[in-house]
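Output the structure for:
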Amino acid sequence: MEIRIDDLNGPEVAELLQEHLRGMAENSPPESIHALDLTGLKKPEITFWTVWDGAELMGCGALKELGAGHGELKSMRTATTHLRKGVASHLLRHILEEARRRNYRRISLETGSMAAFQPAHQLYANYGFTLCGPFADYIEDPNSVFMTIEL
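Prediction:
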């Protein structure tokens, strides 16, 4: 698995992000979807990575700088054909290493509270993320789970 910083211009990336947004829409009410589209991910405070096996896109994820020492994990998605292959774990380790390199003290995330998001909850818990309250511009939402890890 090769992890690359991505400019979000490839058709494979656009397709995977559409899959991500469809998955959010299938499992969350519209007012509780906080996933970013291509335009939202191209902001200067966001670094976006993709995971590849040769020419095949396996997954993606991003790190958004919220302020001094605090980042947000965004847009973690494994392509459906690559689920259960360790893609998300590999990428999450990479992003946490990058956050440490940037001297972030904390990484937070928002994900859905529904059963479909249980694998994500477990992944993040396995890496030391714990439940927390809303952060940044988020508000309390029964459809959201907020998690954080101190680095």
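
now the end-to-end length of stretch 65-76.
Counting by CA to CA, to the nearest Å, the length from the leading to the trailing residue of stretch 65-76 is 16 Å.

can you pull the buried residues of it?
With burial defined by 16 or more other CB atoms under 10 Å, the residues of stretch 65-76 counted as buried are 65-66, 70-76. (Each C-beta comes from the backbone N, C-alpha and C, glycine too.)

Scan the protein for its longest helix.
Longest helix in the chain by number of residues (criterion: DSSP state H): helix 11-27.

name the helices or strands packed onto the helix or strand bottoming out on mean pLDDT in the chain?
Taking mean pLDDT, DSSP states H and E as the measure, the chain has helix 11-27 as its least confident helix or strand, at a mean of 90. With contacts defined as 3 or more CB pairs under 8 Å, 6 or more residues apart in numbering; DSSP states H and E, the packing partners of helix 11-27 are helix 38-41, strand 56-67, strand 70-78.

of these, which approaches residue 151 most closely?
Distance to residue 151, taken as CB to CB, is lowest for strand 70-78 among those, at 9.1 Å.

In its sheet, which strands sit next to that closest one, and in what direction?
Under the criterion DSSP bridges, strand 70-78 sits next to strand 56-67 (antiparallel), strand 106-112 (parallel) in its sheet.

Using CSV, list the CA coordinates for the last one.
Read it as strand 106-112. Taking Å, rounded to 0.1, in the frame of the first residue of the first chain, the C-alpha atoms of strand 106-112 are listed here in CSV:
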residue,chain,number,x,y,z
ARG,A,106,-4.8,16.6,19.7
ILE,A,107,-6.7,15.1,16.8
SER,A,108,-10.5,15.1,16.9
LEU,A,109,-13.1,13.7,14.6
GLU,A,110,-16.9,13.5,14.0
THR,A,111,-18.6,10.4,12.7
GLY,A,112,-22.1,9.1,12.7
